[in-house]
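K.L.:
Turn this into a structure:
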Amino acid sequence: MSSGYALRMCGQGEGRGCPGGAAPAFFAVGEGGAAVKISVDERERAVFRRRRMFQTDLQSNLATAEDSGGRRGERKGKAMRSMEIARNLLGMNLPLEQIASATGLTREEIEGLRTDGCAQYG
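P.N.:
Numbers count the residues shown, from 1 in each chain. Predicted structure coming up:
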């Protein structure tokens, strides 16, 4: 979601272009066209920009983390399911080559399952 904020200074003299004929000032124009008055003081405007940048970065980082975490969890779940299937196939005394073909695991991974608490399978 983009912030859509832009700084704009309304017209000079007699409040031309300023909402309600107000004196010249800076406004942040956000989504939906809402205008928020911002101080004419450069330091305060800089603080405003830094806050908006922080909020935008935070939203972006959270979205990236959620996406990354979801993909990682999906990969881990698939790997665990493959190991569970391999354990079951080991229990049926199938050859390692067939188990590797059925699960996508390597021969070494399957042998590791056999030695890691699966000694009863084989």
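K.L.:
Counting by contacts, list what the host helix or strand of residue 114 packs against.
P.N.:
For residue 114, the host element (DSSP states H and E) is helix 107-115. Secondary-structure packing of helix 107-115 (3 or more CB pairs under 8 Å, 6 or more residues apart in numbering; DSSP states H and E): helix 42-91, helix 96-103. All C-beta spots, glycine's among them, are computed from the backbone N, C-alpha and C.
K.L.:
Just put those helices in CSV and tack on mean pLDDT, mean neighbour count and distance to residue 115.
P.N.:
Listed next are the helices and strands packed on helix 107-115 as CSV, based on pLDDT from 0 to 100; neighbours: other CB atoms under 10 Å; distance: least, CB to CB, whole Å:
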stretch, mean pLDDT, mean neighbour count, distance to residue 115
helix 42-91, 88, 12, 11
helix 96-103, 92, 16, 13
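K.L.:
So which of those helices is nearest residue 113?
P.N.:
helix 42-91 (5.6 Å; CB to CB).
K.L.:
Report the inter-axis angle for that closest one versus helix 107-115.
P.N.:
Using axes from the mean of the first three to the mean of the last three CA atoms, to 10 degrees, the direction of helix 42-91 lies 70 degrees away from that of helix 107-115.
K.L.:
ok, residues contacting the helix holding residue 114?
P.N.:
Around helix 107-115, the neighbours that count as contacts under CB atoms under 8 Å, 6 or more residues apart in numbering are 83, 86-87, 90, 96-97, 99-100, 103, 121-122.
K.L.:
one step back: would CSV of the helices and strands packed on helix 107-115 with distance to residue 113 be doable?
P.N.:
As requested, those are exported to CSV (distance: least, CB to CB, whole Å):
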stretch, distance to residue 113
helix 42-91, 6
helix 96-103, 9
